[in-house]
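**Q** From the sequence below, what's the structure:
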Amino acid sequence: MTARRNFKRQVRARAARTGESYTAALRHFRPTPSGDIVSESRTPRSVRLAVAQTVVREDPRDVEALRESGRAVRALMREAGARGARIVHFPEGALCFPGKLVMSVDGPHAVGPADWSRCQWPVLRAELAAIAELAGALRLWTVIPSVHRLTEPHRPHNSLYVVSDRGEVVTRYDERLLSRTKVSYLYSPGVSPVTFEVDGVRFGCLLGMEIHYPELFTEYERLDVDCVLLSTSGTPGNITAEAQVQGHAAFNGYWVSISGPAQDGVTAPTGVVAPDGDWIARCPADGSPSVAVVNLDDSSESAASARTHARPWRRESRSGLYAEHQVNDPRSEDRTTGF
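**A** As a prediction, the model looks like this:
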């Protein structure tokens with residue numbers, strides 16, 4: 001009965017919005033096997049996503065630590081592939097999250113400009129290459145954050161690589177809204193949003209503390225993404241971060257996957273939030289490296305509702321819809337006349 005009520009509500013909403021009769025509006029919808037209703041103009045899409053939490057290490061001078069991080073990432077890639085995932089999403093610092101004191105020329109007790117010659121770049125590149133090779137072997141799209149080296153004297157980007165199921169880097173997102181320490185001492189900021197598609201599902205990318213900037217999530221809504229992938233090394237106030245990620249998903253009507261460090265897994269919101277703001281997958285809250293796997297199904301009730309109601313209405317209401325209904329009467333501007 002719930003599915004039938006949802007169906008009637010969606011048809012009535014279209015009829016009210018377009019001025020069509022109920023019968024005319026009905027022609028634009030069809031039921032899916034799950035009982036949800038989708039527009040005939042769009043084919044439902046689905047992709048199986050794995051979100052990972054890994055141990056984050058802070059010293060890019062430590063060769064064995066970099067290699068251990070690479071091995072851990074590849075182990076979770078194999079687990080994600082064995083569980084049927086088409087795409088796996090890793091946290092900021094999955095290979096290394098260079099510490100500000102470790103990198104500081106004034107360290108180890110004071111923060112200063114980063115000395116990037118301390119980074120074991122050949123080892124980092126070798127681990128990234130091994131990850132890309134495994135992605136191709138597993139036919140698994142892999143979203144892996146890392147430092148992206150630029151020509152001297154420019155600081156590197158804090159980046160998120162998107163590796164296709166053919167083992168090729170197809171795009172890269174560079175963190176734009178950096179923390180004060182990052183932009184002052186460590187990284188060059190990025191300049192643009194990045195989207196990519198897997199099996200017809202469109203993803204957007206964010207990094208670090210960008211969870212705190214709602215305009216970035218709204219930007220991806222305008223770019224018509226289905227899911228935002230946010231990789232973080234941990235944010236201050238995990239309860240606040242959890243509420244924020246749920247709010248971003250619900251306000252914009254898309255999935256949000258947030259991947260963070262395993263060592264923060266007891267309290268940090270590592271998992272996937274549905275377009276209605278509910279958590280639909282979480283990694284174990286035991287601090288261990290792990291993955292959570294979930295189907296992002298475009299025909300699910302929360303996704304279909306966001307697509308047919310929330311997102312279209314918000315876009316329409318922001319397009320100047322209200323101007324024609326506003327009252328052009330001087331008395332309407334007088335706030336002192338009481339009742």
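**Q** Need the CA coordinates for stretch 275-292. PDB is fine.
**A** Only the C-alpha atoms of stretch 275-292 are listed here, as PDB (Å, rounded to 0.1, in the frame of the first residue of the first chain):
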ATOM      1  CA  PRO A 275      19.300  11.000  -0.200                       C
ATOM      2  CA  ASP A 276      16.800  11.200   2.600                       C
ATOM      3  CA  GLY A 277      19.600  11.700   5.200                       C
ATOM      4  CA  ASP A 278      19.600   8.200   6.700                       C
ATOM      5  CA  TRP A 279      22.800   6.100   7.100                       C
ATOM      6  CA  ILE A 280      22.600   3.000   4.900                       C
ATOM      7  CA  ALA A 281      26.100   1.600   5.400                       C
ATOM      8  CA  ARG A 282      28.700   1.900   8.100                       C
ATOM      9  CA  CYS A 283      32.200   0.400   8.700                       C
ATOM     10  CA  PRO A 284      32.600  -1.500  11.900                       C
ATOM     11  CA  ALA A 285      33.100   0.800  15.000                       C
ATOM     12  CA  ASP A 286      36.100  -1.100  16.200                       C
ATOM     13  CA  GLY A 287      39.000   0.900  14.800                       C
ATOM     14  CA  SER A 288      39.900  -1.800  12.300                       C
ATOM     15  CA  PRO A 289      40.600  -1.400   8.500                       C
ATOM     16  CA  SER A 290      37.500  -2.400   6.800                       C
ATOM     17  CA  VAL A 291      35.000  -1.700   4.000                       C
ATOM     18  CA  ALA A 292      31.200  -1.300   4.000                       C
END
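**Q** Only the buried residues of that stretch, if you could.
**A** Neighbour counts over stretch 275-292 (16 or more other Cβ atoms under 10 Å) mark 275-277, 279-283, 287, 289-292 as buried. Glycine gets a C-beta too; all of them are placed from N, C-alpha and C.
**Q** so of these, which ones are in strands?
**A** In strands, defined here by DSSP state E, the members of the buried residues of stretch 275-292 are 279-282, 290-292.
**Q** Return the item of the buried residues of stretch 275-292 having minimum pLDDT.
**A** Least confident of those in the model: residue 287, at 87.
**Q** That one contacts residue 263, correct?
**A** Yes - between residue 287 and residue 263 there is a contact under Cβ atoms under 8 Å: 5.7 Å.
**Q** and of the ones in strands among the buried residues of stretch 275-292, the nearest to residue 100?
**A** residue 290 (27.6 Å; Cβ to Cβ).
**Q** Surely the closest one touches residue 75?
**A** No - using Cβ under 8 Å, residue 290 is not in contact with residue 75, being 10.5 Å away.
**Q** Secondary structure class of residue 229, three-state.
**A** Under the three-state scheme (DSSP: H, G, I helix; E, B strand; the rest coil), residue 229 adopts strand.
**Q** Next: residue 143.
**A** Residue 143 - assigned by three-state DSSP - is strand.
**Q** which ones are touching it?
**A** If you count contacts by Cβ atoms under 8 Å, 6 or more residues apart in numbering, residue 143 has them with 87-90, 160-163, 203, 205, 229, 231.
**Q** Next, count neighbours for residue 158.
**A** Counted with other Cβ atoms under 10 Å, the neighbours of residue 158 add up to 30.
**Q** Nearest spatial neighbour of it, chain-adjacent residues omitted?
**A** residue 175 (4.3 Å; Cβ to Cβ, 6 or more residues apart in numbering).
**Q** what do you get for residue 311?
**A** residue 253 (4.4 Å).
**Q** Make sure that neighbour is actually in contact with residue 220.
**A** No - if you go by Cβ under 8 Å, residue 253 and residue 220 don't touch, sitting 11.0 Å apart.
**Q** got any ranges where the stretch 151-300 of the chain has weak pLDDT?
**A** By pLDDT under 70, the low-scoring segments of the stretch 151-300 of the chain are 235-238.
**Q** rerun that using 90 as the cut-off
**A** 234-243, 263-270, 285-287, 297-300 (pLDDT under 90).
**Q** which residues in it form strands?
**A** Along the stretch 151-300 of the chain, counting by DSSP state E, counting those that start in this stretch, strands occupy 157-163, 169-174, 195-198, 201-207, 227-231, 255-259, 271-273, 279-282, 290-297.
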